[in-house]
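J.: coords below, sequence missing:
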């Protein structure tokens, strides 16, 4: 999908390559504790903190990647990165999980990430946990699945999406294009 929007992407867990990146994407599928363990064991947390928190390199967290930006998760006992104040909670109220399939996002905020997007763009979701922002200013878009939850979060250069833009056809392509070229 990144190739389709004209971006040159390198898939790497090498801290040297990450140090040279202009933008970062933290993808993720799986469990919170495992994700944090993998980042730690690969020695990536210090380099990511340098790039994201000090140098202000834009980063896009996708699905679990977004959830790792939280302080903690009900899914495990590991501390998250803590870059956006909040926690990750399991869907409640007897909802079927995972929340899987197409759903819309709803945002009334102007942001370069959402530029030229339809008001209710559709994206592909597959998750059982969702991010709850402590500061609602960090919530860029919501989605409803039994109740509203944060589907896009943003704090300065740190952006997270709960859905999978790489599986979301034209909507995901536009979002990735905006991240690459406007964020």
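T.: Happy to help now that I have it. Being a predicted model, the structure only gives us computed values, none of them experimental.
J.: how about the contacts made by the nearest residue to residue 85 once chain neighbours are set aside?
T.: Excluding the flanking residues, the one nearest residue 85 by C-beta to C-beta, 6 or more residues apart in numbering is residue 134, at 4.0 Å. The C-beta positions use only the backbone N, C-alpha and C, and glycine is treated the same way. With contact set as C-beta atoms under 8 Å, 6 or more residues apart in numbering, residue 134 has these partners: 85, 86, 87.
J.: out of these, which is nearest to residue 50?
T.: Looking at the contacts of residue 134 and their distance to residue 50, the nearest is residue 85, at 20.6 Å (C-beta to C-beta).
J.: hang on, that closest one packs against residue 71?
T.: Yes: if you go by C-beta atoms under 8 Å, residue 85 and residue 71 touch, sitting 6.6 Å apart.
J.: now do the strands in the chain.
T.: 24-26, 59-62, 72-73, 86-90, 99-104, 122-127, 129-133, 139-144, 148-155, 158-161 (DSSP state E).
J.: tell me who's in contact with the closest residue to residue 46 other than its chain neighbours.
T.: Sequence neighbours aside, residue 15 is the residue nearest to residue 46 in space, at 7.9 Å (criterion: C-beta to C-beta, 6+ apart). Contacts for residue 15 (C-beta under 8 Å, 6+ apart) come out as 42, 43, 44, 46, 47.
J.: in stretch 122-136, what counts as buried?
T.: In terms of neighbour count (16 or more other C-beta atoms under 10 Å), stretch 122-136 has its buried residues at 122, 123, 124, 125, 127, 129, 130, 131, 133.
J.: so for that stretch, mean pLDDT?
T.: The predicted model assigns stretch 122-136 a mean pLDDT of 97.
J.: quick check: end-to-end length of it?
T.: End-to-end distance for stretch 122-136: 22 Å, by C-alpha to C-alpha, to the nearest Å.
J.: so how far is that stretch off the chain centroid?
T.: Relative to its chain's centre, stretch 122-136 lies at 9 Å (C-alpha atoms, centre = their mean, to the nearest Å).
J.: can you give the contact residues for stretch 144-153?
T.: Contacts for stretch 144-153 (C-beta under 8 Å, 6+ apart): 66, 69, 84, 86, 91-93, 95, 99, 103, 105-107, 113-114, 123, 125, 130-133, 138-143, 159-163.
J.: okay, buried residues for it please.
T.: Residues of stretch 144-153 classed as buried: 145, 149, 150, 151, 152, 153 (neighbour count, 16+ other C-beta under 10 Å).
J.: can you point out the buried residues in the longest helix along the chain?
T.: Longest helix in the chain by number of residues (criterion: DSSP state H): helix 169-182. If you call a residue buried by 16+ other C-beta under 10 Å, then helix 169-182 has these buried ones: 171, 172, 173, 174, 175, 176, 177, 178, 179, 180.
J.: what's the angle between that helix and strand 148-155?
T.: If you take axes from the mean of the first three to the mean of the last three C-alpha atoms, to 10 degrees, helix 169-182 sits at 20 degrees to strand 148-155.
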